[in-house]
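Chemist: Could you look at this predicted model? Sequence included:
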Amino acid sequence: MRVLDQKKISYAAHTYPHEEGAAVDGVTVAKSMGQDPARVFKTLVTQGASKAYYVFDIPVAEALDLKKAARAVGEKSIAMIHQKDLLGLTGYVHGGCSPIGMKKQFPTVLDETALAHDTIVVSGGKIGFQVELSPADLLSLVRGKTADLTV
């Protein structure tokens, strides 16, 4: 949210209840906030065959198609990074990973379905916090692109 404030990007902050250490899935988060799961996006961090890292944002109820993801970034193959590596690489914990404000800006791809919505919701960078903003603003901020990414 600090990054959005600094860049003067319009957003709405949302919170949801969570228990410390409890596993949280995106569909439950979307419903607890009264949001359509098709508008709530999860952030997935991957590594390509070249050892480069990539960020993909897809609707919470969907699964990332690794072949489509690899094609979207010009890689031979893509694999999810290990959960234990997430904090050191991005600065975020599992369940609170945001495409905004990572330690380093990795190539980011947003599922093309985001463009069908005026606003989408992504993690605010901490479990329990979400931010709602326009897909165009998100793409501009992370210098991202869109592609068909889901199974």
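Modeler: Yes, it's here.

Chemist: contacts and neighbour counts: CA atoms only from here.
Modeler: OK.

Chemist: Centre of the chain to the least confident helix or strand in the chain by mean pLDDT, how far?
Modeler: Lowest on mean pLDDT, DSSP states H and E among the helices and strands of the chain sits helix 26-32, with a mean of 90. Remark: helix 26-32 is offset 15 Å from the chain centroid, using CA atoms, centre = their mean, to the nearest Å.

Chemist: ok, which stretches of the chain are strands?
Modeler: 12-15, 41-48, 53-59, 78-80, 108-111, 120-123, 129-133, 145-147 (DSSP state E).

Chemist: residues near His18, how many?
Modeler: 14 (other CA atoms under 10 Å).

Chemist: My read is that Met1 contacts Val131, right?
Modeler: Yes: with contact defined as CA atoms under 8 Å, Met1 reaches Val131; the gap is 7.5 Å.

Chemist: Mind listing the shared neighbours of these two?
Modeler: Among the neighbours of Met1, those also in contact with Val131 (CA atoms under 8 Å, 6 or more residues apart in numbering) are Gly124.

Chemist: quick one: which of those two has more around it?
Modeler: Neighbours per residue, other CA under 10 Å: of Met1 and Val131, the larger number sits with Val131, 21 against 18.

Chemist: nearest residue to the more buried one other than its sequence neighbours?
Modeler: Ala13 (4.6 Å; CA to CA, 6 or more residues apart in numbering).

Chemist: Sketch out the low-pLDDT regions of this protein for me.
Modeler: 20-23 (pLDDT under 70).

Chemist: Any idea what the residue positioned nearest the centre of it is bridged to?
Modeler: Nearest to the centroid of the C-alpha atoms of the chain, with distances taken as CA atoms, centre = their mean, sits Thr43, at 2.4 Å. Per DSSP bridges, the residues bridged to Thr43 are Asp57.

Chemist: dump the residue contacts of it.
Modeler: 55-58, 97-99, 122-123.

Chemist: Could you dump those into CSV with neighbour count and distance to Gln6 added?
Modeler: Converted to CSV, these look like this (neighbours: other CA atoms under 10 Å; distance: CA to CA, whole Å):
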residue, neighbour count, distance to Gln6
Val55, 20, 22
Phe56, 25, 23
Asp57, 24, 22
Ile58, 25, 25
Cys97, 24, 19
Ser98, 26, 16
Pro99, 29, 16
Val122, 27, 18
Ser123, 26, 17
